[in-house]
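Asks: need a 3D model of the following:
(chains A and B)
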There are 2 protein chains.
Amino acid sequence: MRAINVGVPTFAQALAAQGAVVETVDWRPPGRGDPALAARLAPLWGDEVVEAANREAWGRLVAAEPVLVDLRPAREVVPGMTPDTILHAGPPIAWERMCGPMRGAVIGALLYERLARNEREAAALAASGGVRFEPCHHHAAVGPMAGVTSASMPVYVVEERSRGGRAYVNLNEGLGKVLRMGANSPAVLDRLRWLERTLAPLLARAIQASGGVEIRPILAEALQMGDECHNRNRAAGGQFLKLVAPHLAALDPPAADLAAVLRFMAENQHFTLQLSMAACKAALDAADGVPHSTLVTAMSRNGIEFGIRLSGRPGVWFTAPAAVPEGLWFPGYSAADANPDIGDSAITETAGLGGFAMAAAPAIVQFVGGTVDDALRYTREMYEITMGESPVYQVPALGFRGTPTGIDLRLVLQTGIQPLINTGVAHREPGIGQIGAGLVRAPWECFVRALDALSRVSAPDQA
Amino acid sequence: MRAINVGVPTFAQALAAQGAVVETVDWRPPGRGDPALAARLAPLWGDEVVEAANREAWGRLVAAEPVLVDLRPAREVVPGMTPDTILHAGPPIAWERMCGPMRGAVIGALLYERLARNEREAAALAASGGVRFEPCHHHAAVGPMAGVTSASMPVYVVEERSRGGRAYVNLNEGLGKVLRMGANSPAVLDRLRWLERTLAPLLARAIQASGGVEIRPILAEALQMGDECHNRNRAAGGQFLKLVAPHLAALDPPAADLAAVLRFMAENQHFTLQLSMAACKAALDAADGVPHSTLVTAMSRNGIEFGIRLSGRPGVWFTAPAAVPEGLWFPGYSAADANPDIGDSAITETAGLGGFAMAAAPAIVQFVGGTVDDALRYTREMYEITMGESPVYQVPALGFRGTPTGIDLRLVLQTGIQPLINTGVAHREPGIGQIGAGLVRAPWECFVRALDALSRVSAPDQA
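Replies: Numbers count the residues shown, from 1 in each chain, chains lettered A, B, ... in the order given. You can find the predicted model right below:
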């Protein structure tokens, strides 16, 4: 006798015990077996209004053409940026509820902006209501880890040329003790000032001289070179350096400045993480706001809560508590030291890169844990919850299959598969910095809450 | 009934026809079934003198530490280089027997050196005996494709720090119409002069200022980034640029020169092929000359003949006619236009890179043909004929297994598996250039002849 067992393994076990050959299909009931959830989910399938909305949203996502056009102080370009604004990662959060690394970064930003003379003054200012805290995502921006961005910080300006939007992101400071990980020592602030005064003005002129740097070809090439464009960015870094170094040299800057800028870009293996993030943000914003679409247009974390956003419900966050990533720890640290998941960088997974493209980056398992087979398996799994395969970003190890792109809320709830994210991990105390890297899943509850919100819209034309 | 069939498939077919389950083992008799060859091969197995020699040779190969220390005109550094010397790829060959692209390159080199005023004069000089033609390999050097290197051409100086040898190689000119592919137009010569007068002096000072560039870490990293370091070199190019660009900038050269040098390095996707080749040459020369070793220390082609060299028989070439690679052709060309296999670049395969490391470079199948599975299969196959796995160069897609390193003459003859080479293909006429890229096998006859030579050495102590 030969049998195929679908779902619950008990039958297969009984048959196998009697010597029968059993093929097992890993099927789970929709909504993880919650009948109420399954009932709310069912009407979204086969609804032509939803299907058409998703085709539109997904089409915009993959047609997006992000081009790096400038690098300016945030106050000059980020919409709604004021001198007292501090942008942060994830859904909205008040100072009182912020996690350690985000507080550390906020204190660092207030010192950097000279809005406070010391840590104590900075904390008092933050607690007094004298600082306007806003999510990056509310200002067309993204920021890795704490995501803290203040008015004087230079931000990349990425133009989305298929529909005309713009996205913004700060500069990458490198690894270890850096503001985005919650560190705020004088060395951290000195580096931020050097980025502002030396690197950014030069790099801005080089970007302008280049006529704009198309980001998609850089990321597509990087995927062929072992980057997944979230936690591994060294190939993209090399490609970006190849593009801008000749323009930097042609500016004829002081040799010492040029050498220092080139060295910083060359030695910072995550220098282009921000370009990847801004490109993904620009593409997902292009896909945002399509009524009735179940496309997930943001996944982001403030270190306390994880939030997702839906194309069909623009501007609304569906949140749940953030989990602690599982991964590899730098010497001397463990999971007990780890802050829960933090940062806007999951925008890369939302657009089909990062954890979704791990099969393109086998070497990353040495940084986040697991085996090369795990990397292949993760990408294959993400095809189950995405609307399609990228026509631009390909995975050589999967025979050049496009990356799994565009998370469908319905597929997550149908399959029970939570989106996988590659991420850095910050120490939970302010001032320390990065302590490891690993993997984490987007919380199930976010997706259930998004469905609830959709279900409360009784008919599509009232959305 | 369940059966295992070893070798000849007839038995398996008969069993399968009767419904039996048959596992087939792909075994072939030693020496491809030639009893005389097998008889000459047998004494080399289990001979402790040979085994010890191979341990010594292989140990030297993988312990080699190639470091780029300088870039100088060939006449200043290459041993035995004279103003009338022209080095070429492969085993020795006279002007009369040279293939089209090698003749084209020789004519170009004579014009570049101003030893002739036009093509006709150059050809007459070459035919007159007024030029000293020598293999690169006879001067501790290697050269890709035609390998033509003349006295004024700048060559990298690579120091092998574990044993103290040096290897030399010319600069990479880019793709298409280039001297190494047999082109010799004024544009080709102008580029060679720009390399000599602008790029080389600057890059030499940057290399000196760096204190020497270790090549092994660049190649090891490149293998994690989709290069196989022969026909795909873009990751290594990015890594090398990251290392030298800051030093170039610190020299404070004229901005236009610096920009042009950085642009040339950035846009030439094969700029570091030469570093890969010189590193492999340095490592294999360190392993050369171990009496009784059956390690292959060079595979090289002059466009007419393919030659191999053995550690235990230093300086001797074992040759056979070169084959035409199978691959992908640039638009407008076909196999009928292809010159047979040419170049010293198979030194990379000899050291465990290139075709032997194809599993690290899945994207290369889009350039040389085949599928990603083929790339994995080729590397797995090469483990059958190599002495060990590199402790330095790893393949992520094979769970970070070391590349198959150090071809054992005995294993080639035992298994019948010919070494696989990734290669560019030149047009068979002089003056045209590259027309494609593909794969080719080292000719079986080379290995048979090498065995014959070993067999004529009656006892180990007389070798």
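Asks: in the stretch 1-150 of chain A, which residue sits nearest chain B?
Replies: In the stretch 1-150 of chain A, no residue comes nearer to chain B than residue A:21, which is 14.1 Å away by CB to the nearest CB. C-beta here means a position set from N, CA and C on the backbone, and glycine is covered the same way.
Asks: what is the neighbour count of that residue?
Replies: Counted by other CB atoms under 10 Å in any protein chain shown, the residues lying close to residue A:21 total 10.
Asks: separation between residue A:440 and residue A:176?
Replies: 21 Å (CB to CB, to the nearest Å).
Asks: who's more crowded, these two?
Replies: Between residue A:440 and residue A:176, residue A:440 has the larger neighbour count (other CB under 10 Å), namely 25 against 13.
Asks: which residue sits closest to that one, ignoring its sequence neighbours?
Replies: For residue A:440, ignoring the flanking residues on the chain, the nearest one in space by CB to CB, 6 or more residues apart in numbering or on different chains is residue A:325 at 4.0 Å.
Asks: list the contacts for the one you found?
Replies: Contact partners of residue A:325, counting by CB atoms under 8 Å, 6 or more residues apart in numbering or on different chains, are A:338, A:341, A:421, A:423, A:425, A:436-440.
Asks: domain map for chain A?
Replies: For chain A, the structural domains run A:2-33, A:41-61+A:288-462, A:65-277, going by automatic domain parsing.
Asks: so which bits of the shortest one are buried?
Replies: Think domain A:2-33. Across domain A:2-33, burial judged by 16 or more other CB atoms under 10 Å in any protein chain shown covers A:5, A:12, A:15, A:22, A:30-31.
Asks: can you pick out the most distant pair from those residues?
Replies: The widest separation within the buried residues of domain A:2-33, taken as CB to CB, falls between A:15 and A:31 and amounts to 27.7 Å.
Asks: what comes up buried for stretch A:61-73?
Replies: Buried residues in stretch A:61-73, counted by 16+ other CB under 10 Å: A:61-73.
Asks: show me which pair in the residues you listed is furthest apart.
Replies: A:62 and A:73 (32.2 Å).
Asks: what about residue A:253, which SS state?
Replies: At residue A:253 the chain is in coil, as set by DSSP: H, G, I helix; E, B strand; the rest coil.
Asks: who's in contact with it?
Replies: Residues near residue A:253 by CB under 8 Å, 6+ apart: A:202, A:261.
Asks: again with the one 4 residues further on
Replies: The neighbours of residue A:257, taking CB under 8 Å, 6+ apart as the test, are A:198, A:202.
Asks: now residue A:414: how far from chain B?
Replies: Distance, residue A:414 to chain B, using CB to the nearest CB, to the nearest Å: 31 Å.
Asks: what score does that residue have for pLDDT?
Replies: Predicted confidence (pLDDT) for residue A:414: 97.
Asks: got the CA coordinates for stretch A:287-294 in PDB?
Replies: Provided in PDB are the C-alpha atoms of stretch A:287-294 (Å, rounded to 0.1, in the frame of the first residue of the first chain):
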ATOM      1  CA  ALA A 287       2.700  50.400  -4.300                       C
ATOM      2  CA  ASP A 288       1.000  51.900  -1.200                       C
ATOM      3  CA  GLY A 289      -2.600  53.200  -1.100                       C
ATOM      4  CA  VAL A 290      -4.200  50.900  -3.600                       C
ATOM      5  CA  PRO A 291      -7.800  50.500  -2.200                       C
ATOM      6  CA  HIS A 292      -8.500  46.800  -1.200                       C
ATOM      7  CA  SER A 293      -5.000  45.600  -1.800                       C
ATOM      8  CA  THR A 294      -3.700  43.100   0.700                       C
END
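Asks: contacts for that stretch next, please.
Replies: Under CB under 8 Å, 6+ apart, the answer for stretch A:287-294 is A:44, A:47, A:49-50, A:53-54, A:56-58, A:60-61, A:64, A:295, A:297, A:309-312, A:314, A:406, A:408-410, A:454, A:460, A:463.
Asks: separate out the buried members of the residues you listed.
Replies: Buried by 16+ other CB under 10 Å: A:44, A:47, A:49-50, A:53-54, A:56-58, A:60-61, A:64, A:295, A:297, A:309-312, A:406, A:408-410, A:454, A:460, out of the contacts of stretch A:287-294.
Asks: what parts of chain A come near chain B?
Replies: When proximity is defined as CB under 8 Å from any CB of the partner chain, chain A approaches chain B at A:221, A:224-227, A:234-235, A:237-239, A:241-243, A:245-247, A:249-252, A:255-256, A:258-260, A:262-263, A:265-267, A:362-363, A:366, A:371-373, A:396-397, A:399-400.
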